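S.K.: predicted coordinates and the sequence they were generated for:
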Amino acid sequence: MIIIAMVISLILSTFAFNNCSGKADDFETREPTKDQMVLLEKIYNEFGNFKIIPDILHVKGQGTLCGSNVKIEIDLESDYYQKPDETLKLQGGDCEDFAILFVSAAKNIGVSARVIEGKVGDKEKPEEHVWSEIYYHKKWQVVDPWLKVKRPDSSFYRFINSREYNSIEVFCKYDDEKILGSLLPRQILEAEKTRVKADISNFFLETYRQEKRGEPSQDELKGLEKITNSFFEKTWKILQERIPEDPRFLIQPNNAEVKVWIEEIKINIRG
């Protein structure tokens with residue numbers, strides 16, 4: 001039996017997002033107290049104990065490829081939005097998981113905070129990213145817990161009141177009540193549907209070429225199309241389930257595990 005491994009990276013395309021003006025009245029805004037900022041910094045510092053866990057979807061299936069019945073295993077690098085308690089349990093996740101947990105904790109202690117999805121870095125080679133913002137000194141300021149995970153020496157105040165954070169494009173903003181953006185995460189995924197299917201089709205075609213050292217006949221192409229459709233339908237359903245229709249429900253200030261986590265941090269501060 002042939003075992004095939006494949007990695008497809010879901011790189012989302014650039015979309016035009018509207019109604020993302022970044023005005024202070026987009027979301028509820030309250031100036032945090034000094035004590036709240038001290039606690040929020042401690043919460044941020046806790047992310048230095050977390051680890052990065054890539055979102056990998058492992059899909060198994062069977063089909064006829066190169067004239068043989070084969071087992072097929074596909075690894076897809078794709079988004080999976082964890083709830084705050086899942087991130088705490090795993091002590092890890094990716095950028096959106098850390099932003100969701102941080103905003104949940106910030107709102108739990110009464111600090112205005114929101115999740116931002118967009119692109120950062122070099123305009124020539126931008127990277128899709130998810131980060132956080134808090135309302136501080138009468139404007140929204142970047143706090144990116146992902147950086148604390150990557151570099152434990154990263155300061156809580158690194159981007160607050162500075163222009164160092166190079167955000168290129170904002171897709172959407174949300175907290176537990178509001179969301180701004182013309183496309184939600186699942187709609188962005190839907191826009192990638194044709195390309196993802198093409199990636200799977202190309203994988204099977206290249207596998208055939210390598211095994212047979214030639215091009216498939218018309219009948220063989222029909223067989224490749226059949227296995228592509230079968231595998232894609234199964235995979236696409238799982239991908240959709242991993243991304244919420246509405247990400248607001250993931251911001252959970254009253255999540256029991258988040259409350260316990262914050263109380264433990266408070267005890268450490270008093271200790």
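M.R.: Sure, I can see it.
S.K.: check the gap between residue 73 and residue 94 for me.
M.R.: 22 Å (CB to CB, to the nearest Å). Every C-beta, even on glycine, is put in place using the N, C-alpha and C of the backbone.
S.K.: ok, these two, which is more surrounded?
M.R.: In this view residue 73 and residue 94 are compared by other CB atoms under 10 Å, and residue 94 has more residues nearby, 20 against 12.
S.K.: show me what contacts the more buried one?
M.R.: 52, 53, 54, 55, 146 (CB atoms under 8 Å, 6 or more residues apart in numbering).
S.K.: any of those buried? List them.
M.R.: Buried members of the contacts of residue 94, scored by 16 or more other CB atoms under 10 Å, are 55, 146.
S.K.: pLDDT-wise, what's the bottom of the contacts of residue 94?
M.R.: Lowest pLDDT within the contacts of residue 94 is found at residue 55 (82).
S.K.: and it, what is it in contact with?
M.R.: Counted by CB under 8 Å, 6+ apart, residue 55 has contacts 77, 78, 79, 80, 94, 242.
S.K.: for the last one, which non-adjacent residue is spatially closest?
M.R.: Meaning residue 242. Excluding its sequence neighbours, the residue lying closest to residue 242 (CB to CB, 6 or more residues apart in numbering) is residue 80, at 4.3 Å.
S.K.: count the residues that sit near that neighbour.
M.R.: Residues near residue 80, counting by other CB under 10 Å: 19.
S.K.: mind checking the SS state of it?
M.R.: Secondary structure, DSSP: H, G, I helix; E, B strand; the rest coil: residue 80 is coil.
S.K.: that one and residue 58, how far apart?
M.R.: 12 Å.
S.K.: packing partners for the top helix by length along the chain?
M.R.: Longest helix of the chain, by residue count under DSSP state H: helix 218-242. The contact analysis (3 or more CB pairs under 8 Å, 6 or more residues apart in numbering; DSSP states H and E) places helix 218-242 against strand 56-65, strand 68-77, helix 185-191, helix 193-212.
S.K.: out of these, deepest packed?
M.R.: Among those, helix 185-191 has the highest mean neighbour count (mean count of other CB atoms under 10 Å), at a mean of 17.
S.K.: which secondary structure elements does it sit against?
M.R.: On a contact count with 3+ CB pairs under 8 Å, 6+ apart, helix 185-191 meets helix 218-242.
S.K.: got the contact list for residue 256?
M.R.: Contacts of residue 256 by CB under 8 Å, 6+ apart are residue 85.
S.K.: whoops, I mixed them up, residue 131
M.R.: 95, 99, 115, 116, 120, 142, 143, 144, 145, 146, 165, 167.
S.K.: kindly report the same for residue 162.
M.R.: Contacts of residue 162 (CB under 8 Å, 6+ apart): none.
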